[in-house]
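Participant: just coords:
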Ligand SMILES: Nc1nc2c([nH]c(=O)n2[C@H]2C[C@H](O)[C@@H](COP(=O)(O)OP(=O)(O)OP(=O)(O)O)O2)c(=O)[nH]1
């Protein structure tokens, strides 16, 4: 089965993580995800993530670490391998280029969003490791 490599950024700030909602014209319309996108041929996942975040949000991020890769198949035809990275906002003013909405969510309300299926294990892992992650990288 064809596998598509996708990166996504968990941008952490003051005890919250940035969540973005896919717009109606995208695949999985209205679903919430972590911003990112497909790795291009010859591109490293980290370079892909920086490029996608600049394209989609207009900001510059710093990559701090990673969570477990996820494999998910939406229709039995294409499988995505989703690589989640822990990041912090470095510079720029957030300006949505493709998504319809964004929000910052904390430990208690992160799960309430209607997440893309592939993101559910990422949300679970982030919640399990929430305190150590924020203590290590970001002020709570
Ligand atoms: N960026 C991102 N994509 C995700 C997440 N979860 C998830 O299932 N996906 C899926 C949605 C898409 O099928 C694929 C990422 O592709 P994309 O956003 O770059 O592009 P797309 O398929 O919407 O559009 P296109 O470039 O094919 O026109 O991975 C996530 O958290 N972040």
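Facilitator: Structure received. Since this is a predicted model, take the numbers as computed values, not measurements.

Participant: what does whichever strand or helix holds residue 53 contact?
Facilitator: Following DSSP states H and E, one finds residue 53 within helix 45-57. Helix 45-57 is touched from outside by 5, 7-9, 11, 20, 35-40, 43, 59-61, 63, 83, 85, 87, 92, 94-99, 102, with contacts defined as CB atoms under 8 Å, 6 or more residues apart in numbering. Using the backbone N, CA and C atoms, a C-beta is placed for each residue, glycine as well.

Participant: repeat that with 6 Å
Facilitator: With CB atoms under 6 Å, 6 or more residues apart in numbering as the contact definition, helix 45-57 has outside contacts at 7, 9, 35-37, 39, 61, 63, 83, 85, 94, 97-98.

Participant: Same question for stretch 66-74.
Facilitator: Where contact means CB under 6 Å, 6+ apart, the residues beyond stretch 66-74 that reach it are 79, 80, 81, 82, 83, 84, 85, 118, 121, 125.

Participant: The chain against the ligand: which residues are in contact?
Facilitator: Where the chain comes near the ligand, counting by CB under 6 Å from any ligand atom, the residues are 6, 8, 26-28, 33-34, 36-38, 80, 82, 116, 118-119.

Participant: Just the buried ones from those?
Facilitator: Among the residues of the chain next to the ligand, those buried by neighbour count (16 or more other CB atoms under 10 Å) are 6, 8, 33, 34, 36, 37, 80, 82, 116, 118, 119.

Participant: Between the residues you listed, which sits nearest residue 131?
Facilitator: Proximity of those to residue 131, judged by CB to CB, is greatest for residue 34, which lies at 19.5 Å.
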